[in-house]
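Novice: sequence unknown, structure follows:
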């Protein structure tokens, strides 16, 4: 375990009892969404508030935040329980610059951005037996350019683009599946190039260009090699770590932070602590 030194602390000027849902790097420093439905900008050096981009980001509550939308990757994307995805310019305080609407106004639980293709993707809550992954070109926001409506049968909790291949997208859901798509393929069945059955997905993503991780809501963690559907060789076995709470002496896992081999951020409510564990990939998937 690496020892980390705290260099700053801040309440972000939030109302008492508020929770911070997500932080994301942006051109101004850091962006933050929280339970008071605000979208705030913070100086990453001293954690002082720069501005409040929105005090009412989404009616019903903001749920998710990502950076990297737009041609220059400078826009912030938020999703909310109002079934909307909104883009915000960190250099302006005039409100959202673009708005997209999910199918049947289903609450949006996850977003991802691809600046190279001007694409924003949203994953929804299960509504009327459908959980949808919708793609928009931010230059033409009125209608989605592509939708996957059959790949998940429960809430879509995670979306992430491949770090080097702009056409590869990962989705995770409480139905237990992590899906990987080739988004250049219009047919949904053909676009699905790999399916990982893990358990109700809290977080999932790319640990490296050829490695996927998955973390369930009951803190079970696994690492899987990406597969090539055209390769006849047997699929390599995943590395299954099981429930991380006992081996890491924690009560919950917050997130995996890629970088080198990666860090796992874990928490303990009893001691109000946040601990980072260094994760080394086993040789079988390196």
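Specialist: Great, that's in hand. The shown structure was predicted, so the numbers you read here are calculated from the model rather than taken from an experiment.

Novice: What ranges does this protein have for its helices?
Specialist: Taking DSSP state H as the criterion, the chain contains helices spanning 188-191.

Novice: Low-confidence bits of it, can you list those?
Specialist: Along the chain, the model assigns pLDDT under 70 to residues 1-7, 229-232, 234, 259-262, 269-286.

Novice: Need the phi and psi values for residue 237.
Specialist: The phi and psi values for residue 237, taken as degrees, to the nearest 10, are phi -80, psi 140.

Novice: what's the spacing between it and residue 8?
Specialist: As judged by CB to CB, to the nearest Å, residue 237 and residue 8 stand 43 Å apart. Yep, even glycine has a C-beta here, placed from its N, CA and C like the rest.

Novice: got it, and residue 24?
Specialist: To residue 8, residue 24 is 18 Å away according to CB to CB.

Novice: who's more crowded, the two?
Specialist: Neighbours were counted for residue 24 and for residue 8 using other CB atoms under 10 Å; residue 24 has more, 16 against 10.

Novice: For that one, which residues are in contact?
Specialist: For residue 24, the contacting residues are 30, 31, 32, 65, 66, 67, 76, by CB atoms under 8 Å, 6 or more residues apart in numbering.

Novice: Pull up the gap between the second one and residue 236, please.
Specialist: For residue 31, the distance to residue 236 (CB to CB) stands at 37 Å.

Novice: repeat for the first one
Specialist: Distance from residue 30 to residue 236, counting by CB to CB: 37 Å.

Novice: So the two - more neighbours on which side?
Specialist: Neighbour totals were compared for residue 30 and residue 236, and residue 30 leads with 18 against 12 (other CB under 10 Å).

Novice: Report the beta-bridge partners for that one.
Specialist: Note on residue 30: beta-bridge partners by DSSP bridges are residue 25, residue 42.

Novice: OK, contacts around it?
Specialist: Counting by CB under 8 Å, 6+ apart, the residues that residue 30 touches are 23, 24, 41, 42, 43, 44.

Novice: hmm, which two among those residues are most spread apart?
Specialist: Using CB to CB, the contacts of residue 30 reach their maximum pairwise distance at 24 and 43, which is 14.5 Å.

Novice: Mind jotting down where the strands sit in the stretch 151-286 of the chain?
Specialist: 156-161, 168-173, 177-182, 192-197, 201-208, 211-216, 220-225, 239-243, 252-257, 263-268, 273-278 (DSSP state E, counting those that start in this stretch).
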